[in-house]
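Enquirer: model this:
(one chain, ligands or ions: 1)
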Amino acid sequence: MKKKEFKVTPWEVSGKVNYEKLIKKFGLKPMPKLPEVFNKNLMFRRKIIFAHRDFDRILDAIENKKKFVMMTGLMPTGKFHLGHALLTQQMIFYQKLGAKLYIAVADLEAYNARNQDLEELRKTAIDQYLLNYIALGLSPKNCEFYFQSERSKEAKKSNSYYRLASNFSRYATFNEFKAVYGEISPGKMNASLLQAADMFHSQLPEFEGGPVPVLVPVGTDQDPHLRIARDIGKRYKDNKFVQLSSSYHLFLPGLNTGKMSSSEPNSYIAMTDSPKEVEKKINKYAFSGGQATIEEHRKKGGNPDVDVSFQYLRMFFEPDDKKLKKIHDDYKSGKLLTGELKKILISKINTFLKEHQKRREKAKKQIDKFLFKS
Ligand code: TRP
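Expert: Numbers count the residues shown, from 1 in each chain. Alright, predicted model coming up:
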């Protein structure tokens, strides 16, 4: 049987993702050598963030202490999980570096492309996403958190955002949408144009006053949105825009490989999971690169590259490179057993979640500082 090719689109991620092929196919660039501040962050140091478009412009802004924007959007369906936390850590990293943050709740995208209810989406955006952002360290300073369905209380700002989304439709063709997305419907097309407005509108006079570098860090599945947005932005005449910059991170693997996804409960660790749930999920579902029996494992060793528990340590829970290397080498040599590796991970996750859940309770008091400031 022919092996099924992997698929990475905004509407579907399946199969084993070959990132090198993706870089070629999408025309991305591998991450350049980065200044020291970046290397302190494990996501950059370990190449979890592995590719980019026009990232140099952001490096330049940081180096010369010039203003830049970091923009992202969230689809408020289902539970907030570790995969979302990976992006949140980037948001907070850039906020600390001086970026102005724009965070869009993609409620209209979910309404139009996923048939969700607006009231429900709003609740999920706050209970799941915003609360966890705050608990992970997001500050209300220098941060615009908004709903696509309700951009701003100020008519001037709101009008200019919706005008941009509408005017953008003149600058793309139906064939382009088909070529970039494969599958397209009026709802999805609308979501794509609105997302292009999300990415560019900070550069309007009503927002940051004029052209400013904008970084959009994404999972690779979102690149089609970026390609369309970049093309439209280039053609748009009414305002001058600096081209978008973007960075691409690996998907956090789901427990049973694939992508960690809120639509598959057995694929994720949620921020609200109890210690018992974490223990059960890791022991029962976390895909193992170990051998079938202890004897065989001692003899042949395990494969950390495909082992989901090891990958969680690498991408999230073990910031110390020396300790990580020891776990890696011991697992590979067979000295460390799968059960022991899982135990290390479970304890790390539960320590993290215990603290996080306390911070999440406290975060409730801060919600109002983020909603409808502007
Ligand atoms: N399409 C994104 C998702 O599926 C959400 C989104 C909306 C977004 N606007 C954005 C992401 C702007 C990045 C930038 O999650």
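
Enquirer: What is the end-to-end distance of stretch 16-32?
Expert: 25 Å (Cα to Cα, to the nearest Å).

Enquirer: With stretch 136-144 instead?
Expert: Termini of stretch 136-144 sit 17 Å apart (Cα to Cα).

Enquirer: go on, stretch 61-69?
Expert: Span of stretch 61-69 from end to end, Cα to Cα: 10 Å.

Enquirer: near the ligand, anything from that stretch?
Expert: No. Stretch 61-69 is not in contact with the ligand by Cβ under 6 Å from any ligand atom; minimum separation 11.2 Å. C-beta coordinates here come from the backbone N, C-alpha and C atoms, glycine included.

Enquirer: Also stretch 213-220?
Expert: Yes. Contact of stretch 213-220 with the ligand (Cβ under 6 Å from any ligand atom) involves Val216, Val218.

Enquirer: so how far is that stretch from its chain's centroid?
Expert: Distance, stretch centre to chain centre, for stretch 213-220: 9 Å (Cα atoms, centre = their mean, to the nearest Å).

Enquirer: I'd like the mean pLDDT over that stretch, please.
Expert: For stretch 213-220, mean pLDDT rounds to 95.

Enquirer: Could I have the CA atoms of that stretch written out in PDB?
Expert: In PDB, the C-alpha atoms belonging to stretch 213-220 read as follows (Å, rounded to 0.1, in the frame of the first residue of the first chain):
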ATOM      1  CA  PRO A 213       6.600  45.800  11.100                       C
ATOM      2  CA  VAL A 214       4.200  43.100  12.100                       C
ATOM      3  CA  LEU A 215       5.200  39.600  13.100                       C
ATOM      4  CA  VAL A 216       2.700  36.700  12.900                       C
ATOM      5  CA  PRO A 217       4.000  33.600  14.600                       C
ATOM      6  CA  VAL A 218       2.000  30.600  13.500                       C
ATOM      7  CA  GLY A 219       1.800  26.800  13.100                       C
ATOM      8  CA  THR A 220       2.600  25.800   9.500                       C
END
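
Enquirer: For it, which outside residues touch it?
Expert: With contacts defined as Cβ atoms under 8 Å, 6 or more residues apart in numbering, stretch 213-220 is touched by 8, 17, 19, 22, 26, 49, 51, 55, 57-58, 60-61, 66-72, 87, 90-91, 94, 99, 199-200, 202-203, 222, 225-226, 242, 244-249, 251, 259.

Enquirer: do the same with stretch 27-44
Expert: 22-23, 45, 47-53, 55-56, 59, 62-63, 86, 89-90, 93, 97, 223, 247-249, 315, 319.

Enquirer: ok, of the residues you listed, which come out buried?
Expert: When these are checked for burial by 16 or more other Cβ atoms under 10 Å, the buried set is 22-23, 48-53, 55, 59, 62, 86, 89-90, 93, 223, 247-249, 315.

Enquirer: Narrow those to those in strands?
Expert: Among the buried ones among the contacts of stretch 27-44, the ones falling in strands (DSSP state E) are Ile49, Phe50, Ala51, His52, Arg53, Ser247, Tyr248, His249.

Enquirer: Which pair in those has the greatest spatial separation?
Expert: Greatest spacing in these, by Cβ to Cβ: Arg53 and His249 (13.6 Å).

Enquirer: residues touching the residue lying closest to Asn239 once chain neighbours are set aside, list them.
Expert: The shortest distance from Asn239 to any residue other than its chain neighbours is 6.1 Å, reached at Leu204 (Cβ to Cβ, 6 or more residues apart in numbering). When contacts are counted by Cβ under 8 Å, 6+ apart, Leu204 touches Ser160, Tyr161, Leu164, Asn239.
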